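Trainee: attaching a predicted model along with its sequence, questions to come.
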Amino acid sequence: MGQQYSKWPASSLFKSFVGPLPVADGSLWDSLLDTDLAIPPDHDTTRKMYQALAPHLRDWATHDTTSGNLAALARLATSLIERLHSFPDLEGSDVARLTLRRARNALFVIRAVLWHLIHDAKHASIAEILTHCDPSEAGARHFRGTPTTLDRDVVAEYAFAHDNGDVGEEDSQFEQRWTMEMSLRQEGDITDARQSSLNSSPPSSPLNQQPQPPPPPSHVDQQAPPPMVKLLHQIAAAVALPIGPRATPVALEAVNLLITLASPVLFLRKGHGNNALINEIVSDSFCAHSIVGACLQHFMEARVIEARKGEMDGIVSDFLSIMSLPLQAYSYVFDDDKAGQGMPAGRICLTRQSVLALLALFFHRPEGSKRNLCRRHLALIEDAADVMSHSSPETIKISFAALYTAFCERMAEEETALLLYVLLAHSQSFSAYLLSRVGDFEQLMMPLLKALYACEPGDTGKAYIMLVILLMLSEDSDFNQCMQTAAVEEVPWFQERVLKQVTISDLIVLVLVRIAHRNLKALRDEFTHRTCLATLANMSPFFTDLHPFACQRLVGLYKMLAKHFLKAREEARHQEDVVGSAVFELGGVVGIVLAVINSCLANRLRHNPNLVYTLLVEKAEFLALRDHQRFAYEIENIDILLRHFESRLDWQSADNLSVETVLQVILEGARQLPDDRLKKLPPLRYAYTEGSDQGTFFLPYVWEQLLRRGGLLSLDALGTAPLPLFEDS
């Protein structure tokens, strides 16, 4: 295949597209869009294709302001997507299949060209090429007066259907719309014809019970907007196409084009919202409604399509394949998807791309007076099964049950965890629904805890998101109560020891303490410590029959923190204030762990004999902080309890102090302890609040996933290391 690289630069198609003159020959556009595209099979092939193509596309970027070929292709893509909404059946008609293929190819070429432009051209050139309206309309001559090959195919198919009496009512309506469009096209009013066609047959929603989004704004009697701006509405409509085996690639290309349009943020140090086309998308009600609803539906349905790995033949196929290389960062072929969890390697995944595109748009902050309606529509989603809700017509209604199932099935994936975080933090309706399912939370919590347990030290972003999810869930008392009784027979992924017949609450304690232990040894990240401990603090008043190993690990965390605290305090006596600051921070963390232990003992003493047993074994570790005023009440309460239980153990024969005997003494002693013996401490309640500067973490994090999880990925191809977006994060 590498030997074919020398062919495409000399082809008439390539020379015409990148040259200074408009491509006005309809047969050239037909040749471009009729190719059955294949995807580059490996990274090395893609890299070679990029090296061969890049110099010529730089020539194209210079010429396109006068040739208008990209604008012409945008107009053609707009026309093709609008036509798709007129077909009664996208899967059954040969002409529909041809239109789908052409629409996909047009979006693919636009995506590839735009990524090259975004990557190589200056920002001013990007704005000029993407938003200029070709005044001569030279690049659009192909649309007027001369029917395309597709138009002739439409005539042939319906003539054949008429002859055989196979034209039904829907087919007749399509033929009438097509005839009206052709007559208006010959009069030069193609814009109005497309709008009439779209309004007479609005795009079908992929959400069974979702109301139709507002129609695209009409441009009749107004100055025609730039071609790329007009295409935005059709990109949104393509994302929301009724999905089938043949329509899926069009939706996938539309999603990837959205990601490409948003990608200039990678190269901006400031002014992340300075992206006119993305600002247009997120502030337009039709676009935002269509994209949010469709991306959620794609996520719930887990759409995948098989990646073709065969050789690509022909000059045009080579050309289009080469065009795909600048998009390596967003390519959707998965070579080695270790975190795929059910998404086989070598498959194209509309699900993942849809979620990542939705998240990239959600965290986009448009500049000026424009509002991000993607955020609004996602925050206001409602359950389609809730017949009592009185929602507005623009509210997106989806099946919360199906959405919950999708989260359970793909909880290990980072983009899934981030989407769950977004809905918990911003959607009151879904958050309430999720917490109503705490009775069967095992199918959600087990994959979440497994993924959190498996986080490597470098997976800080993934760990942050999952820790915050646990913290937000722990704010609900029903969740905390149900986790004490949700039993798991075995936990094969837990490596420290064999665990059988444990509760999810035990697992939460073990996983969080493990993360805190590791963080103290390596990262020393304060956010990780405090989030882990805040979740434990919220759950501590509900702890019931904590597993012995969970109790040992919790007390072991206190031992490690106390040791570091005492060491830092000793060093602070001889060194500068920086060590004193470390003492203060460590003291705060030690105080939270002591408060967690106290809260459990004060509220559930009779139900936690294993914790008392562990405290008796480790009594000496608590004596070391007895003289420290900062922990006076917490240490005093533990001391009271230890003396109380030790006095009862003294009555037992030394030969009879088995573990079972000690636990029985603890249970009897807990019933005899007066309620007023312990010092009253303030209740522990922590809540997560999203910071005003959340974009400095979430936006780079989303784009990190787009770059890392795009398959044929080479950050070297971006030519910028590190990228400006990540320098600011």
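Mentor: The structure has been received and is ready for your questions.

Trainee: quick one: contacts for the closest residue to Tyr701 other than its chain neighbours?
Mentor: Spatial nearest neighbour of Tyr701, chain neighbours left out: Gly461 (4.7 Å); criterion: Cβ to Cβ, 6 or more residues apart in numbering. Where you see a C-beta, it was placed from the backbone N, CA and C, and this is true even at glycine. For Gly461, the contacting residues are 414, 697, 701, 704, by Cβ atoms under 8 Å, 6 or more residues apart in numbering.

Trainee: which ones among these are found in helices?
Mentor: Among these, the members found in helices (DSSP state H) are 414, 697, 701, 704.

Trainee: how much space separates the third one from Val468?
Mentor: Think Tyr701. Going from Tyr701 to Val468 by Cβ to Cβ, to the nearest Å gives 12 Å.

Trainee: so the closest residue to Glu704 other than its chain neighbours, which state does it fall into?
Mentor: Nearest residue to Glu704, sequence neighbours excluded (Cβ to Cβ, 6+ apart): Gly461, at 6.7 Å. Three-state call for Gly461 (DSSP: H, G, I helix; E, B strand; the rest coil): helix.

Trainee: what sits closest to Phe467 if chain neighbours are left out?
Mentor: Small correction: residue 467 is Leu, not Phe. Per Cβ to Cβ, 6+ apart, closest to Leu467 is Thr531, 4.4 Å.

Trainee: what's the burial count for that neighbour?
Mentor: When counting by other Cβ atoms under 10 Å, one arrives at 23 neighbours for Thr531.

Trainee: before we move on, what about Arg708?
Mentor: 12.

Trainee: give me the distance between it and Ser285.
Mentor: 33 Å.

Trainee: next: Ile635.
Mentor: 59 Å.

Trainee: neighbour count for those two, which is higher?
Mentor: Ile635 (19 against 16).

Trainee: ok, the more buried one - contacts?
Mentor: 594, 622, 625-626, 628.

Trainee: generate a ChimeraX selection restricted to the buried entries among these.
Mentor: With 16 or more other Cβ atoms under 10 Å as the criterion, this ChimeraX line picks the buried residues out of the contacts of Ile635:
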select :594,622,625
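
Trainee: and the contacts of Ile635, which of them are in helices?
Mentor: The helices, defined by DSSP H, take in 594, 622 from those.

Trainee: of the contacts of Ile635, closest to Gly26?
Mentor: Ranked by distance to Gly26 (Cβ to Cβ), those are led by Leu594 at 78.0 Å.

Trainee: wait, the closest one touches Glu636, no?
Mentor: No. Counting by Cβ atoms under 8 Å, Leu594 sits too far from Glu636 to count as a contact (10.7 Å).

Trainee: coming back round to it: contacting residues for the residue nearest to Leu467?
Mentor: 464, 467-468, 471.

Trainee: CA atoms only: put the helix or strand where it lies into CSV for me.
Mentor: Assessed by DSSP states H and E, Thr531 sits inside helix 526-539. The C-alpha trace of helix 526-539 is given here as CSV (Å, rounded to 0.1, in the frame of the first residue of the first chain):
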residue,chain,number,x,y,z
GLU,A,526,-4.3,16.6,49.7
PHE,A,527,-7.5,16.4,47.6
THR,A,528,-7.2,12.6,47.4
HIS,A,529,-6.8,12.3,51.2
ARG,A,530,-9.6,14.6,52.1
THR,A,531,-12.1,13.1,49.6
CYS,A,532,-11.4,9.6,50.8
LEU,A,533,-11.8,10.6,54.4
ALA,A,534,-14.8,12.8,53.8
THR,A,535,-16.6,9.8,52.3
LEU,A,536,-15.7,7.6,55.2
ALA,A,537,-16.8,10.3,57.6
ASN,A,538,-20.2,10.5,55.9
MET,A,539,-20.7,6.8,56.2
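
Trainee: what does the helix or strand just after it contact?
Mentor: Per DSSP H and E, the first helix or strand lying C-terminal to helix 526-539 is helix 548-572. Applying Cβ under 8 Å, 6+ apart, the contact partners of helix 548-572 are 496-497, 499, 502, 506, 509-510, 513-514, 516-517, 520, 536, 546, 579-580, 582-583, 586-587, 589-590, 593-594, 596-597, 608, 610-611, 613-615, 618, 621, 624-625.

Trainee: which parts of helix 548-572 are buried?
Mentor: Neighbour-count burial for helix 548-572 [16+ other Cβ under 10 Å]: 549-555, 557-558, 560-562, 564-566, 568-569, 572.

Trainee: go on, stretch 350-368?
Mentor: In stretch 350-368, counting by 16+ other Cβ under 10 Å, buried: 350-366.

Trainee: same deal with stretch 495-513?
Mentor: Those would be 499, 502-513, for stretch 495-513 by 16+ other Cβ under 10 Å.

Trainee: pass me the low-pLDDT residue ranges in the stretch 151-300 of the chain, would you?
Mentor: Across the stretch 151-300 of the chain, the ranges flagged by pLDDT under 70 are 151-228, 269-273.

Trainee: out of the contacts of Thr531, which comes closest to Pro242?
Mentor: Val468 (35.8 Å).

Trainee: could you pull up phi and psi at the closest one?
Mentor: Main-chain dihedrals, Val468, degrees, to the nearest 10: phi -70, psi -40.

Trainee: can you check Val502 too?
Mentor: phi -110, psi 160.
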